[in-house]
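Chemist: structure for this input, please:
(one chain, ligands or ions: 1)
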Amino acid sequence: MTETVEMTLKKSQKKAVEILSKLVSFPVLGGQSNIPIAEWIEKYLTEHGVEFTNVPNEEGNKRSIHCRIGPAVDGGVILSGHQDVVPVEGQAWVTDPFVLTDKNDGKLYARGSCDMKGFLACCLAALPEMKKADLKKPIYFAFSYDEEIGCLAAPELAEHIKTTYSEKPKYAIIGEPSMMQPVVGQKGIVVYKTHVNGSAGHSSGIRKEVSAINEAARLILWLEDKMNRLVAEGRIDERFSPPHTSIHCGIFERSGIAPNVISDKASFNWDCRVIPMDKSTEILAEFKAYCRDLEKCNQSKFLGFKIKTELDHSDVPPLDTPEHLSVVPLIQELSGMQELTTVAYAAEAGQFSNAGFETVICGPGDIAQAHRANEFIEKDQLNKGVEFMFRLIKKFS
Ligand SMILES: [Zn+2]
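Modeler: Numbers count the residues shown, from 1 in each chain. Model prediction:
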């Protein structure tokens, strides 16, 4: 009996490599249509007798997929992953990034092998066993698009799952690469773009005009000061590195035409990576209040002085799963790893958590490999991902 299970596992692990080589052959860069890969996955589901549901975008050129395997009862688990990947332009790839390459060094190379088609391959490779098993609790797949450009599809996908099924799934496991270590916390991220409209003029008249650059500089320093104030107020979460919310300006553009001309326009992009106890909306509200003050101060000199801030990258919420929730022992059992951790990268986990599912991140591969040239997944990690699926099937049978 043990031998049979062992053989089935080996077969599924081999299958995972085959499926992964298919999945990486669809480039699907974030923002692009994912229809070809979605169709391939849907065909695979159909061949295995699984009904699925699409969640298309408005233009109809992208879609998420979700499905249920097992009975329509409460308490199931959602296995979630994204179908898109990041670009390869400007990266020194040694092999074709869209061909899964085995260099016999224990690693499989391709864009998305690690982040995160490896996890999708583990789900799909274990599907025949999920179907065969007499599941008492259901397993759901939830495969999104446009994760890499701001986790755009996950909120709608999570809501769609809630309304499609009459029963209530309880857990969500986001298979981002974590070396199969359970992740219970994730920082949130949001990026804003701020535009400053000042008045132009000869540089000698700087005290009469409102320089957009000077005012933008004040705003950027206010943001840094805000971060420092948060730290000084003790808003610290030692689980993260750094253990505080970070605020930073990374792009400053359109700043003047000549040294002797006062610049009337400046804009800059800034990101805010919040620990779970902080709220990006509150930081933004405080920033905007400061902007209004600055406008009032300067409008006596130049009535058209304006500061406008817009969203540049969707507000991806943090994840903070309390350790007393039952998803924690579940993921420890399934992964075989007790130690919990947190990550600084953005993922769909906070969105699934906000939708009401007990959520953790846990998946094969190392995030250090993600988004780089010569991305790879260790075969051992992929094998562990399939073992994880087998433990889940056993647990739910
Ligand atoms: Zn990812």
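Chemist: which bits of the stretch 1-150 of the chain sit near the ion?
Modeler: 115-116 (Cβ under 5 Å from the ion). To be clear about C-beta, it is placed using only N, CA and C from the backbone, and glycine gets the same treatment.
Chemist: show me where the stretch 1-150 of the chain has its helices.
Modeler: 2-23, 35-47, 117-132 (DSSP state H, counting those that start in this stretch).
Chemist: most tightly packed of the ones you listed?
Modeler: helix 117-132 (a mean of 25; mean count of other Cβ atoms under 10 Å).
Chemist: what angle do it and helix 2-23 make?
Modeler: Between the axes of helix 117-132 and helix 2-23, defined by axes from the mean of the first three to the mean of the last three Cα atoms, to 10 degrees, the angle is 130 degrees.
Chemist: buried residues, stretch 321-337. List them.
Modeler: Neighbour-count burial for stretch 321-337, with 16 or more other Cβ atoms under 10 Å as criterion, is recorded at 321, 325, 327-328, 330-332, 334-335, 337.
Chemist: swap that for stretch 288-302, sorry
Modeler: Buried residues in stretch 288-302 (16+ other Cβ under 10 Å): 290-291, 294-295, 298, 302.
Chemist: quick check, nearest of those to H313?
Modeler: C291 (19.5 Å; Cβ to Cβ).
Chemist: is that closest one in contact with R218, as I believe?
Modeler: No: here C291 does not reach R218: they are 10.0 Å apart, not a contact under Cβ atoms under 8 Å.
Chemist: how about A368, phi and psi?
Modeler: Main-chain dihedrals, A368, degrees, to the nearest 10: phi -60, psi -20.
Chemist: swap that for V360, sorry
Modeler: Dihedral angles (degrees, to the nearest 10) for V360: phi -140, psi 160.
Chemist: about what we covered before: nearest to the ion among the buried residues of stretch 288-302?
Modeler: C291 (33.9 Å; Cβ to the ion).
Chemist: can you tell me the closest non-neighbouring residue to the closest one?
Modeler: Leaving aside its sequence neighbours, C291 sits nearest to I307 (Cβ to Cβ, 6 or more residues apart in numbering; 4.2 Å).
Chemist: taking the centroid of the protein, which residue is nearest it?
Modeler: A347 (2.3 Å; Cα atoms, centre = their mean).
Chemist: out of the buried residues of stretch 321-337, which are inside helices?
Modeler: 327-328, 330-332, 334-335 (DSSP state H).
Chemist: would CSV of those with distance to the ion be doable?
Modeler: Converted to CSV, these look like this (distance: Cβ to the ion, whole Å):
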residue, distance to the ion
V327, 20
V328, 22
L330, 22
I331, 18
Q332, 22
L334, 20
S335, 18
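Chemist: any chance of those in TSV, with pLDDT and distance to F268 too?
Modeler: As requested, these are arranged in TSV below (pLDDT from 0 to 100; distance: Cβ to Cβ, whole Å):
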residue	pLDDT	distance to F268
V327	98	40
V328	98	40
L330	97	44
I331	98	40
Q332	97	43
L334	96	44
S335	96	42
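Chemist: neighbouring contacts of stretch 291-309?
Modeler: 192-199, 208-210, 215, 218-219, 284, 287-288 (Cβ atoms under 8 Å, 6 or more residues apart in numbering).
Chemist: what is the end-to-end distance of that stretch?
Modeler: Using Cα to Cα, to the nearest Å, one end of stretch 291-309 lies 9 Å from the other.
Chemist: for the stretch 251-397 of the chain, which segments are assigned as strands?
Modeler: 261-262, 265-274, 306-316, 319-320, 341-343, 358-361, 376-378 (DSSP state E, counting those that start in this stretch).
Chemist: among the helices of the stretch 1-150 of the chain, which gets the worst mean confidence?
Modeler: Set side by side, the helices of the stretch 1-150 of the chain differ in mean pLDDT, and helix 2-23 is lowest with a mean of 92.
Chemist: that one vs helix 35-47, what angle?
Modeler: Going by the same axes, to 10 degrees, helix 2-23 makes 150 degrees with helix 35-47.
Chemist: hmm, who's touching helix 2-23?
Modeler: Contacts of helix 2-23 (Cβ under 8 Å, 6+ apart): 37, 40, 44, 99-100, 108, 110, 112-113, 117-118, 120-122, 124-126, 128-129, 377, 379, 382-383, 385-387, 389-390.
Chemist: and that helix, how far from the chain's centre?
Modeler: In terms of Cα atoms, centre = their mean, to the nearest Å, the centre of helix 2-23 is found 27 Å from the chain centre.
Chemist: C-alpha coordinates for it, CSV please?
Modeler: The C-alpha coordinates for helix 2-23 follow below in CSV (Å, rounded to 0.1, in the frame of the first residue of the first chain):
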residue,chain,number,x,y,z
THR,A,2,2.7,2.4,1.0
GLU,A,3,4.6,1.5,-2.2
THR,A,4,1.6,2.4,-4.3
VAL,A,5,1.2,5.8,-2.7
GLU,A,6,4.9,6.3,-3.2
MET,A,7,4.6,5.4,-6.9
THR,A,8,1.6,7.6,-7.5
LEU,A,9,3.5,10.5,-5.9
LYS,A,10,6.5,9.9,-8.1
LYS,A,11,4.2,9.8,-11.2
SER,A,12,2.5,13.1,-10.1
GLN,A,13,5.9,14.8,-9.5
LYS,A,14,7.0,13.8,-13.0
LYS,A,15,3.7,15.2,-14.3
ALA,A,16,4.3,18.5,-12.5
VAL,A,17,7.5,19.0,-14.6
GLU,A,18,5.6,18.2,-17.8
ILE,A,19,2.8,20.7,-16.9
LEU,A,20,5.3,23.3,-15.8
SER,A,21,7.1,23.1,-19.1
LYS,A,22,3.8,23.7,-20.8
LEU,A,23,2.8,26.6,-18.6
